[in-house]
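Enquirer: Starting from these lines, generate the structure:
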Amino acid sequence: MEIFPTGYKQFGKAIEIFDQSLVSTQIDLSTELQEDPLPPEEIDEEIAPIEYYTNLMSAYAGSNQEFLVHSLRKLLGFTSKVEIIDTQELIQQGVLDALIELTKVEDIDISFLAFGVLINLSARTNPRNDPLNSDEFFNFLCEMSNVTSLNLKIFGCLLRCFSNYAENSEENRNKVMGIFPINRLDAIFQQCSNLTVQNEIVHLIYIYSKFSIDPDNGKFIIALCHSVIMKKFNQFVDYALWALLSILHQVDVAVDHIYSPEFADAVCQLIGVKSPKIKSPALLLIGFFLEAGKPVNNIHYGSIVECYSSEDQNVQLNSFYVTKFIAKTMPENIEKLINAGLFNEMYHALNGDFKYNLKKEAAYTLNAVIMQGRKPVVERMCVNGSVSQLIVNFEYEDRDLIIDTLKALDVVFEIGQVIEPRLYRLLLSRFKTIEGFEALDQLLELDDFEITSAVDSIKETYFEDLDIDAIPIDVDSDAVDEEDEN
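Expert: Just a heads-up that it's a prediction; the model follows:
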């Protein structure tokens with residue numbers, strides 16, 4: 001593994017996690033479409049799916065509007081919670097046709113609920129043969145898009161259905177772009193102040209960006225997303241960030257069109273928000289800027305460090321990614337990370353109840369900080385005892401990580417010999433206390449020339465004239481200070 005993985009690799013990991021967690025592809029209308037007072041009802045696990053369908057069809061055939069609303073709400077709750085839905089059965093029962101017809105009625109509550117069910121169904125389409133991925137369904141959406149004076153809530157639902165359809169394939173995306181080209185979406189966004197509609201526009205833009213984009217459309221996407229972020233539309237800024245990251249992933253020169261010092265400042269502010277859905281892509285975008293050599297002057301280092309022990313996996317990964325590039329491109333600012341609590345938070349990340357891959361990424365990050373930060377970092381490590389974490393890295397039995405850690409350890413002892421003698425004595429004491437010398441000897445037993453050569457080099461360079469038996473153990477910094485005074 002590289003010490004500094006490219007943004008493209010990191011993007012690949014992050015976008016996969018983001019897509020898996022994109023719960024709003026299925027809509028809870030009580031939260032996504034904020035104006036609606038009708039939340040989906042809890043589903044009854046004892047009721048078979050067919051009963052939801054027959055209840056709706058009975059209500060559809062009758063004239064009791066209250067029963068129809070009740071049946072739609074039940075079906076909405078069912079489709080928002082179950083994992084698998086047999087859409088062929090929906091066709092056989094006539095439910096799909098009924099839902100499409102109900103979207104066209106004048107009663108907004110009924111139309112809205114019917115669209116909500118279609119949104120949930122279209123979020124689960126099978127691209128090959130699903131009726132909600134068909135030309136017929138697309139034609140229905142096009143027909144609805146031509147309705148004049150469409151209610152804004154209904155228009156928001158329509159856009160989400162288009163998004164779900166477009167996400168199935170690049171061919172579908174191109175068909176939707178024919179109806180809603182990016183410049184048209186941009187115009188609607190600028191003219192409409194309804195947050196639901198604006199949210200769905202930015203979401204649709206994000207779906208567009210997941211497939212190949214030509215330079216002209218890329219510029220439209222950049223401009224719209226730039227505006228969303230600069231104007232602090234935090235309700236849907238995550239989609240804007242991911243759309244920009246998709247463009248960056250596709251077009252090498254896009255970073256020059258996206259970056260400005262003011263824009264970088266705005267993205268840095270987003271790292272400090274509570275929502276991991278916003279933190280994660282904001283971190284990744286800052287990482288892209290740093291990797292491209294763009295100056296990012298207003299990073300809040302405390303916010304970066306807090307992310308190390310986040311409960312969100314994507315936030316953690318991306319905070320490590322950013323830290324590596326701060327170390328690589330701005331080593332003079334590593335001390336700011338240290339002062340913000342880097343070692344404390346890194347300790348929690350490395351020793352907490354996190355996944356193996358996260359701990360390894362944290363270990364690589366600490367190694368990078370040591371190798372780039374050098375003297376200020378090593379001096380702090382002598383006092384806080386974090387050299388012990390380097391020995392823990394050997395326990396992962398990961399060859400690349402062991403080699404990387406040996407490089408960091410070489411820097412620790414190289415710097416140790418030129419810092420204050422009392423700090424070096426403290427470092428040696430801590431290293432002996434954690435049985436670091438024994439850990440290195442154990443590595444010599446491996447049948448790996450690169451590892452054994454690195455260990456031999458460290459021992460010959462730094463330990464050859466060292467009386468290891470004379471080094472005291474469990475010595476703290478106060479004891480070293482007292483020894484110097486005596």
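Enquirer: all strands for the stretch 101-250 of the chain, in order.
Expert: Here the stretch 101-250 of the chain has no strands by DSSP state E, counting those that start in this stretch.
Enquirer: which stretches of it have low pLDDT?
Expert: 125-129 (pLDDT under 70).
Enquirer: at 90 what do you get?
Expert: 121-133, 147-150, 193, 214-219, 231-235, 248-250 (pLDDT under 90).
Enquirer: Show me the domain layout of this structure.
Expert: 27-122+126-167, 376-486 (automatic domain parsing).
Enquirer: Give me the neighbour count for Tyr239.
Expert: Look at Tyr239: counted by other Cβ atoms under 10 Å, it has 27 neighbours. All C-beta atoms are positioned from the backbone trio N, CA, C, and that covers glycine.
Enquirer: cool, and Val418?
Expert: When neighbours are counted by other Cβ under 10 Å, Val418 registers 9.
Enquirer: Kindly report the same for Lys219.
Expert: 15.
Enquirer: Arg425 too?
Expert: 19.
Enquirer: Pro472 versus Gln417, what's the distance?
Expert: Gln417 is 19 Å from Pro472, where distance means Cβ to Cβ, to the nearest Å.
Enquirer: Helices of the stretch 251-400 of the chain, start to end?
Expert: Under the criterion DSSP state H, counting those that start in this stretch, the stretch 251-400 of the chain contains helices at 254-258, 261-270, 276-291, 301-306, 313-329, 334-339, 342-351, 356-373, 375-384, 387-393, 399-416.
Enquirer: Would you reformat these as TSV and include mean neighbour count and mean pLDDT?
Expert: Conversion of these to TSV gives the following (neighbours: other Cβ atoms under 10 Å; pLDDT from 0 to 100):
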stretch	mean neighbour count	mean pLDDT
helix 254-258	19	85
helix 261-270	17	96
helix 276-291	26	95
helix 301-306	20	95
helix 313-329	25	94
helix 334-339	19	94
helix 342-351	20	87
helix 356-373	22	92
helix 375-384	20	91
helix 387-393	20	89
helix 399-416	19	96
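Enquirer: Of the ones you listed, give the one that comes closest to Pro49.
Expert: helix 276-291 (30.9 Å; Cβ to Cβ).
Enquirer: elements contacting the closest one?
Expert: helix 7-20, helix 237-250, helix 261-270, helix 313-329 (3 or more Cβ pairs under 8 Å, 6 or more residues apart in numbering; DSSP states H and E).
Enquirer: Rebuild these as CSV, extending it with distance to Ala439.
Expert: Shown next, in CSV, are these (distance: least, Cβ to Cβ, whole Å):
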stretch, distance to Ala439
helix 7-20, 30
helix 237-250, 40
helix 261-270, 39
helix 313-329, 24
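Enquirer: one step back: ranking the domains of the chain by burial, who's on top?
Expert: domain 27-122+126-167 (a mean of 18; mean count of other Cβ atoms under 10 Å).
Enquirer: Compare the helices of the stretch 251-400 of the chain and report which one is nearest to Asn164.
Expert: helix 276-291 (18.8 Å).
Enquirer: Now do that closest one against helix 313-329, angle only.
Expert: 20 degrees (axes from the mean of the first three to the mean of the last three Cα atoms, to 10 degrees).
Enquirer: got the angle for helix 276-291 vs helix 261-270?
Expert: Using the same axes, to 10 degrees: helix 276-291 against helix 261-270 is 140 degrees.
Enquirer: Next, the angle from helix 276-291 to helix 237-250.
Expert: 30 degrees.
Enquirer: what about helix 276-291, distance to the chain center?
Expert: Distance of helix 276-291 from the chain centroid (Cα atoms, centre = their mean, to the nearest Å) equals 8 Å.
Enquirer: Could you do stretch 410-418 as well?
Expert: Worked out by Cα atoms, centre = their mean, stretch 410-418 lies 36 Å from the chain centre.
Enquirer: neighbouring contacts of it?
Expert: The set of residues external to stretch 410-418 that reach it, using Cβ atoms under 8 Å, 6 or more residues apart in numbering, is 370-371, 374-375, 378-379, 381-382, 387, 390, 423-424, 427-428, 454, 457-458, 461-462.
Enquirer: what about 7 Å?
Expert: Ile370, Met371, Arg374, Lys375, Val378, Met381, Val387, Tyr424, Leu427, Ile458, Tyr462 (Cβ atoms under 7 Å, 6 or more residues apart in numbering).
Enquirer: Also stretch 139-152?
Expert: By Cβ under 7 Å, 6+ apart, stretch 139-152 touches Ile100, Thr103, Ile108, Leu158, Cys161, Phe162, Tyr165, Ile179, Asn194, Thr196, Val197.
Enquirer: How far off centre is it?
Expert: 34 Å.
Enquirer: again with stretch 381-401
Expert: 27 Å.
Enquirer: Span of that stretch from start to end?
Expert: Using Cα to Cα, to the nearest Å, one end of stretch 381-401 lies 19 Å from the other.
Enquirer: what's near enough to touch Arg124?
Expert: So Arg124 contacts Ile85 (Cβ under 7 Å, 6+ apart).
Enquirer: Against Leu90, how distant is it?
Expert: In terms of Cβ to Cβ, Arg124 sits 11 Å off from Leu90.
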